[in-house]
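Visitor: What follows is a predicted structure for the sequence shown.
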Amino acid sequence: MISKIILEDLISQTKKAIDKSTSIVIVSHVNPDGDAIGSSLGLYHFLFSQGKETRIIMPNSFPNFLNFLPDSSDILIYDDYQDEAIDLIESADLVFCLDFNQLKRVGAMEDVIKNCKATKILVDHHPFPDTFANITISHPEIASTSELIFRMICRMGYFTEMNIHSAECICTGIMTDTGAFSYNSNSPEIYTIISELIKKGVDKDALHRKLYNNYSAQRMQLMGYLLSQKMKIYAEYGTAIMVLSLAEQETYHHKKGDSEGFVNLPLSIHGITFSIFLKEETDTIKMSFRSQGNFPSNTFANRYFNGGGHLNASGGEGLGTIEETVTYIESILPAFYQEWVDNNNNKEI
Ligand code: 5GP
Ligand code: MN
């Protein structure tokens, strides 16, 4: 038995909105990850099975390792097909906004979505959602948006109609947003849901291999290089920082998704509770933060780097050059760490 966490009223409003729509668009956040793509495709396959004309539009491209997901090639990338994407959004009568809490997270699509006439339904698990949507299904206590999509489909009464494609995409999002069930995954109901997905025909072990044992040799070499040459440990603050420059990305023929997961690596070192990964991009520095226990990575991201996310997984944007950003982190880290220690009454967590 899976408990009813989404309010009945929101479920019935969502069902009504789907029933009366003829043209549906699903959007998610920039640099879409496994949960953004998994939840979008999971919902897409369900809506398609209901005969609903549906398109998924992502702000920019997603990592190649997600290409195996059924119909991922039908996802429209706004950066590449702007005119077509704008037409679709402007003519849609329903837009699902998945896996983000603030409209700015859709990047260049923000204004088009804000101004379109469609009913907007937000389904998300990040804290503090904005109020732009007509229907807001926000559950920060749930590990993935994909899990919320599963719950939503079931609660609308369509569990028996959920097909294997939908199930596989939902399972992908749950798996990737829990680090293959290594964090945010203590809720027993996650495993009840996974059990139902397996009964639908999902090969969980094969899915894990496709998601995690599918890297290029160059990606592994880049990982080795970063760990041996670029990882800086700040033992007194339980923190590690790794930086990846554009030049290094070129040397290792870095492709989108190649550095996915690198930020987690230092957390396996004894005593490290906070890991920061900086990736230089042509016009910005993408920052990823990961933490363990109650160390608030999202407060750090939000307070200093115009970002946000979950307690243990968040992101933001660097300031100035990569070196300047590291120098800035080094200047704020001691006080931030001390604040966390003080909040925990000087006890190690
Ligand atoms: P990642 O490090 O995998 O890119 O992102 C980790 C988490 O932080 C994700 O849940 C993502 O949605 C969130 N996140 C990443 N970058 C940003 C950002 O610039 N702003 C906000 N608000 N959240 C972010
Ligand atoms: Mn997510």
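Guide: Okay, I see it. Ligands and ions are numbered 1, 2, ... in the order given.
Visitor: Now the stretch 201-349 of the chain against ligand 2: closest residue?
Guide: H310 (8.0 Å; C-beta to the ion). Where you see a C-beta, it was placed from the backbone N, CA and C, and this is true even at glycine.
Visitor: I should have written the stretch 151-300 of the chain there, sorry.
Guide: Closest residue of the stretch 151-300 of the chain to ligand 2, C-beta to the ion: D177 (4.6 Å).
Visitor: Quick check: the nearest residue to that residue once chain neighbours are set aside vs ligand 2, distance?
Guide: Once flanking residues are discounted, D177 sits nearest to S144: 3.7 Å by C-beta to C-beta, 6 or more residues apart in numbering. Using C-beta to the ion, to the nearest Å, we find S144 at a distance of 5 Å from ligand 2.
Visitor: quick one: low-confidence parts of this structure?
Guide: Scanning the chain for pLDDT under 70 picks out 346-349.
Visitor: Which elements pack onto the longest helix anywhere in it?
Guide: Longest helix of the chain, by residue count under DSSP state H: helix 322-343. For helix 322-343, the packing partners by 3 or more C-beta pairs under 8 Å, 6 or more residues apart in numbering; DSSP states H and E come out as strand 232-234, strand 239-244, strand 274-280, strand 285-291, helix 297-305.
Visitor: quick one: contacts for the closest residue to D258 other than its chain neighbours?
Guide: Nearest non-adjacent residue to D258, counting by C-beta to C-beta, 6+ apart: R219, 4.5 Å away. Shown here is R219, whose contacts under the criterion C-beta atoms under 8 Å, 6 or more residues apart in numbering are 252, 254, 258-259.
Visitor: Out of these, flag the one nearest to ligand 1.
Guide: S259 (9.9 Å; C-beta to the nearest ligand atom).
Visitor: what about the closest one, how many residues close to it?
Guide: 22 (other C-beta atoms under 10 Å).
Visitor: gap between the residue of the stretch 151-300 of the chain closest to ligand 2 and N344?
Guide: 26 Å (C-beta to C-beta, to the nearest Å).
Visitor: what about those two, which has more around it?
Guide: Set D177 next to N344 and count neighbours by other C-beta under 10 Å: D177 wins out with 26 against 13.
Visitor: give me every residue that touches that one.
Guide: D177 sits next to 33-35, 143-146, 184 when contact means C-beta under 8 Å, 6+ apart.
Visitor: What segments of the stretch 101-250 of the chain are strands?
Guide: Counting by DSSP state E, counting those that start in this stretch, the segments of the stretch 101-250 of the chain that form strands are 119-124, 135-138, 232-234, 239-244.
Visitor: Let me see the backbone angles for G309.
Guide: phi 140, psi -150 (degrees, to the nearest 10).
Visitor: burial of it, as a residue count?
Guide: By the criterion of other C-beta under 10 Å, G309 has 21 neighbours.
Visitor: what's the spacing between it and ligand 1?
Guide: Shown here: G309 relative to ligand 1, a distance of 3 Å by C-beta to the nearest ligand atom, to the nearest Å.
Visitor: got the contact list for that residue?
Guide: Contacts of G309 by C-beta under 8 Å, 6+ apart are 126, 289, 297-298, 301, 315.
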